[in-house]
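Visitor: Here is the input, now give the coordinates:
(chains A and B)
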Protein chains: 2
Amino acid sequence: MSAAVSTDSERILAGEARAVARAISKVEDGAEDAAELMKALYPHTGRGLVVGITGAPGAGKSSLVDRLAALYRKRNERVGIVCVDPSSPFSGGAILGDRIRMQVLGLDPGVFIRSMATRGHLGGLARATVDAVAILDAAGYEKIIVETVGVGQDEVEIVKTADVSVVVLVPGMGDDVQAIKAGIMEISDVFVINKADRDGVLRTEKELEALLTLATRPDGWQPPIIKTIATENNGTEELAAAIASYQDYQRSAQSTSARRAAVARWRILELLGETLLARVVKRNGTNARLDELAREVADKRRDPYSAVEEILKSSGQ
Amino acid sequence: MSAAVSTDSERILAGEARAVARAISKVEDGAEDAAELMKALYPHTGRGLVVGITGAPGAGKSSLVDRLAALYRKRNERVGIVCVDPSSPFSGGAILGDRIRMQVLGLDPGVFIRSMATRGHLGGLARATVDAVAILDAAGYEKIIVETVGVGQDEVEIVKTADVSVVVLVPGMGDDVQAIKAGIMEISDVFVINKADRDGVLRTEKELEALLTLATRPDGWQPPIIKTIATENNGTEELAAAIASYQDYQRSAQSTSARRAAVARWRILELLGETLLARVVKRNGTNARLDELAREVADKRRDPYSAVEEILKSSGQ
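Guide: Purely as a prediction, here's the structure:
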């Protein structure tokens, strides 16, 4: 191990927030020594509990995460929060809301908040997020909360890497609970109906219960439905209890090991794909040629498939 | 070109729905002759108008798409609908709602509906969706509507490939309009506030207008806000008019060509990454070794980075 990586790694293992922040930037940027650092940290991961929280925009995930973090803090646990935002590659979009949250929770040295956003076109958001979680885990954060906006494919994959996955719904989605069924039912260990003071909460609960009776999970777990009003800190204790109860259940369940292996396989493939792509694109001249090819494809002078063939040929693959 | 691909391609260009369906399955499965077929079809694309429709689950996108499709049908245009669902890789999840829709719209031979779901772990959902759109385009569908559930990273990329992007909101998301700002504001050419008979529609509209005055688009377009009640077919004409009006605007705007080149670049990179990964994984023995490595990573006997290094080394990269 290089001396620099060794120092970085020691500081992270000692829980230094600045070293953690720097390391997350490295994995986000795909820095050269990121791989070496992650290799050094990996054996120290697996101690923290990773809680994934997802749901549609407007479901009140951020408030819920803040309440949960505050509760864990009261129990004297250190909390890491990683937010995944599908922001625009054009703007690099920093999130206003995140900065506001930082001003409240961020003052507490026991809380670490970080937004992950897409940089550039080489992907890697999901991989970088999972690496960020591993860094926080190695740094001794007892609870690591991963919050994803939206229910896209990448987000589903990210949430699946969590130890406990929480899906947040709101009353009034009514007829569309169907729509989220396919992607979400199997990944959620705990359901939350937030804004539970709104009309339609009973209907949403009934529909969700009906869907849950249809689905059988391989591990036999029955996902509980927790009603919360995050803005009034209502139901946070119950949510924390449901999360803890699934954590306990998992320890005894056999399927956990299959789930962990599936997650590991996905992580390896993500990283492999990104590495292969970066190698070809970073090769001399490929980037400029890529721009020319993109122009030709845009003008219909060429199709994407033959453009890829050309890149592969010229990079000797 | 092989004789089989040549026949397939002729049938698609003649608009045969069964040939279209078969071709989409091929690009979804990453079949061997998919590349050859796409190359043959590509010169015939670019005639149809591709409309991307996205928004949170519960926003009523499907009803809106159905109404819009019915309106285009009344104008005697053929309509292709591609739905992107972030379904579970465990179940391969077919969507119940989709089957119900097929029973209504699907009886009309002028409408082609297809759901794209993730298959396996090699990704490619976004690429396959864009290929499916190109196939429908080559087959002479005048309007191709791409409907994505959720606002994840892949979904944002898919919507960006559309000629006109529509983002659907509902009243009552209120304080969370902020949350969707970063990812969505720049990609949406038309905003819809659906369920406009609900409380809070004015507030949502005002907030959206406020956000829109903050954002300046590179092409100078001011995205209109259309209020709809899809279940009552209210506002569909206005939505179609807004879509047409952005299409007209685009023809005169200079930035369209830059946008098309950016989309083409993204398509090439997606396809390149997928091709590189598939080549390594399909190599003899990699798949079995991948399972072993995943097991080792899951048990913390190995980290993902060194697993990837081993795969690369053993495949001679």
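Visitor: Please enumerate the strands of chain A.
Guide: A:49-55, A:79-85, A:111-117, A:143-149, A:164-169, A:190-193, A:225-227 (DSSP state E).
Visitor: For these, give me JSON lines that also has distance to chain B and mean neighbour count.
Guide: Just so you know, the C-beta spots here come from the backbone N, C-alpha and C atoms, and that holds for glycine as well. Converted to JSON lines, these look like this (distance: least, C-beta to the nearest C-beta, whole Å; neighbours: other C-beta atoms under 10 Å in any protein chain shown):
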{"stretch": "strand A:49-55", "distance to chain B": "9", "mean neighbour count": "26"}
{"stretch": "strand A:79-85", "distance to chain B": "6", "mean neighbour count": "26"}
{"stretch": "strand A:111-117", "distance to chain B": "8", "mean neighbour count": "22"}
{"stretch": "strand A:143-149", "distance to chain B": "6", "mean neighbour count": "27"}
{"stretch": "strand A:164-169", "distance to chain B": "9", "mean neighbour count": "26"}
{"stretch": "strand A:190-193", "distance to chain B": "13", "mean neighbour count": "25"}
{"stretch": "strand A:225-227", "distance to chain B": "17", "mean neighbour count": "19"}
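Visitor: Just send these back as TSV, with distance to A:Arg295 and mean pLDDT too.
Guide: Output for these, formatted as TSV (distance: least, C-beta to C-beta, whole Å; pLDDT from 0 to 100):
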stretch	distance to A:Arg295	mean pLDDT
strand A:49-55	38	91
strand A:79-85	30	87
strand A:111-117	27	86
strand A:143-149	33	89
strand A:164-169	42	90
strand A:190-193	47	94
strand A:225-227	52	96
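Visitor: May I see the ones you listed organised as a markdown table, with distance to A:Glu296 added?
Guide: Listed next are the strands of chain A as a markdown table, based on distance: least, C-beta to C-beta, whole Å:
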| stretch | distance to A:Glu296 |
| --- | --- |
| strand A:49-55 | 39 |
| strand A:79-85 | 33 |
| strand A:111-117 | 30 |
| strand A:143-149 | 35 |
| strand A:164-169 | 43 |
| strand A:190-193 | 49 |
| strand A:225-227 | 53 |
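Visitor: among the ones you listed, which is nearest A:Ile268?
Guide: When these are compared by C-beta to C-beta, strand A:49-55 sits nearest A:Ile268, at 18.1 Å.
Visitor: Pull the distance from stretch A:17-32 to the chain's centre.
Guide: Relative to its parent chain, stretch A:17-32 has a centroid offset of 16 Å by C-alpha atoms, centre = their mean, to the nearest Å.
Visitor: If we go by neighbour counts, what in it is buried?
Guide: Neighbour-count burial for stretch A:17-32 flags A:17, A:19-20, A:22-24, A:26-28, A:30 (criterion: 16 or more other C-beta atoms under 10 Å in any protein chain shown).
Visitor: Looking at those residues, which is nearest chain B?
Guide: Taking C-beta to the nearest C-beta as the measure, chain B lies nearest A:Val27 of the buried residues of stretch A:17-32, at 10.2 Å.
Visitor: Let me know whether the closest one touches A:Thr129 as I believe.
Guide: No - under the criterion of C-beta atoms under 8 Å, A:Val27 makes no contact with A:Thr129, lying 9.0 Å away.
Visitor: Find residues that contact each of the two.
Guide: Counting by C-beta atoms under 8 Å, 6 or more residues apart in numbering or on different chains, A:Val27 and A:Thr129 have no common neighbour.
Visitor: Please name whichever of the strands of chain A is nearest to B:Glu142.
Guide: Between the strands of chain A, strand A:143-149 lies closest to B:Glu142; by C-beta to C-beta that is 34.2 Å.
Visitor: in chain A, which segments are predicted with low confidence?
Guide: Along chain A, the parts satisfying pLDDT under 70 run over A:57, A:85-106, A:118-123, A:149-154, A:172-186, A:215, A:254-255, A:317.
Visitor: Show me how the record splits it into domains.
Guide: Split into domains by automatic domain parsing, chain A comes to A:46-255, A:270-314.
Visitor: Any idea how far the last one is from the middle of the chain?
Guide: Average the C-alpha atoms of domain A:270-314, do the same for its chain, and the two points are 28 Å apart (C-alpha atoms, centre = their mean).
Visitor: Kindly report the same for the first one.
Guide: Distance of domain A:46-255 from its chain centroid, counting by C-alpha atoms, centre = their mean, is 9 Å.
Visitor: Please identify the deepest-packed of the domains of chain A.
Guide: Neighbour counts (mean count of other C-beta atoms under 10 Å in any protein chain shown) averaged over each of the domains of chain A peak at domain A:46-255, with a mean of 20.
Visitor: follow-up on the earlier one: can you lay out the buried residues of stretch A:17-32 as a markdown table showing distance to A:Asp8?
Guide: Listed next are these as a markdown table, based on distance: C-beta to C-beta, whole Å:
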| residue | distance to A:Asp8 |
| --- | --- |
| A:Ala17 | 13 |
| A:Ala19 | 6 |
| A:Val20 | 10 |
| A:Arg22 | 7 |
| A:Ala23 | 6 |
| A:Ile24 | 12 |
| A:Lys26 | 8 |
| A:Val27 | 12 |
| A:Glu28 | 15 |
| A:Gly30 | 16 |
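Visitor: For chain B, see how far away the residue most central in space within chain A is.
Guide: With distances taken as C-alpha atoms, centre = their mean, the residue of chain A nearest its centroid is A:Ile158 (4.2 Å). Distance from A:Ile158 to chain B, counting by C-beta to the nearest C-beta, to the nearest Å: 9 Å.
Visitor: likewise A:Asp8?
Guide: Distance, A:Asp8 to chain B, using C-beta to the nearest C-beta: 15 Å.
Visitor: Isn't that residue up against A:Ala21?
Guide: No - A:Asp8 is beyond contact range of A:Ala21, at 11.4 Å (criterion: C-beta under 8 Å).
Visitor: got the contact list for the residue nearest to the centre of chain A?
Guide: A:52, A:84, A:126, A:129-130, A:146, A:148.
Visitor: A:Val170 too?
Guide: A:55-56, A:58-60, A:193-195, A:198, A:204.
Visitor: do the same with A:Asn76
Guide: A:Gly110.
Visitor: Distance check, it against B:Val111.
Guide: For A:Asn76, the distance to B:Val111 equals 60 Å [C-beta to C-beta, to the nearest Å].
Visitor: Touching, A:Ala253 and A:Tyr246? I think so.
Guide: No - with contacts counted by C-beta under 8 Å, A:Ala253 stays clear of A:Tyr246, the gap being 9.6 Å.
Visitor: overlap in contacts of those two?
Guide: Residues touching both A:Ala253 and A:Tyr246 by C-beta under 8 Å, 6+ apart: A:Trp221.
Visitor: wouldn't A:Val168 be in contact with A:Thr54 here?
Guide: Yes - the criterion here is C-beta under 8 Å, and A:Val168 meets it with A:Thr54 at 7.1 Å.
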